[in-house]
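J.: this is a predicted model, with the sequence first.
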Amino acid sequence: MMSLQYSRSLLRVVIAQLCQQLGWNAIQSSPLELLTDILERYILQLGCQAHRFSELCMLKVSFSSLYRQFAAAAATTTVGL
């Protein structure tokens, strides 16, 4: 339970830093939580897909399986635009 709270707080920091890099001075708590949920789900999906790719090709996750996952994720997000 404590590690889940810690990881969520780290994700909130990451989102806040990204918003700051975009030039935003502040963010409301509800959009921050929404963006944190989206990032958390994306990271979980990325890990699950990398695991699936590694099961198909090799015994452990490598950078090449992560690269294939990023390429697949980029293809699905550009199709939705």
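T.: Good, I have the coordinates.
J.: distance between the longest helix seen in the chain and the chain's centre?
T.: Secondary structure of the chain per DSSP state H: the longest helix is helix 29-57. A distance of 4 Å separates the C-alpha centroid of helix 29-57 from that of its chain, computed with Cα atoms, centre = their mean, to the nearest Å.
J.: and it, what's its mean pLDDT?
T.: The average pLDDT for helix 29-57 rounds to 86.
J.: also stretch 64-81?
T.: Regarding stretch 64-81, the rounded mean pLDDT is 65.
J.: just use 45 as the starting number from now, easier for me
T.: Okay, using 45 as the starting number, the last item reads as stretch 108-125.
J.: and Y50, what element?
T.: Mapping Y50 onto the secondary structure by DSSP states H and E places it in helix 46-65.
J.: that helix vs helix 73-101, what angle?
T.: Orientation check (axes from the mean of the first three to the mean of the last three Cα atoms, to 10 degrees): helix 46-65 against helix 73-101 gives 110 degrees.
J.: list the helices and strands helix 46-65 packs on?
T.: helix 73-101 (3 or more Cβ pairs under 8 Å, 6 or more residues apart in numbering; DSSP states H and E). (Glycine included, C-beta is placed from N, CA and C.)
J.: buried ones in the helix it packs on, by neighbour count?
T.: Taking 16 or more other Cβ atoms under 10 Å as the neighbour-count basis, helix 73-101 is seen to contain the buried residues L76, L79, T80, Q93, A94, F97, S98.
J.: of the residues you listed, which is the nearest to L48?
T.: If you rank the buried residues of helix 73-101 by distance to L48 using Cβ to Cβ, T80 comes first, at 12.3 Å.
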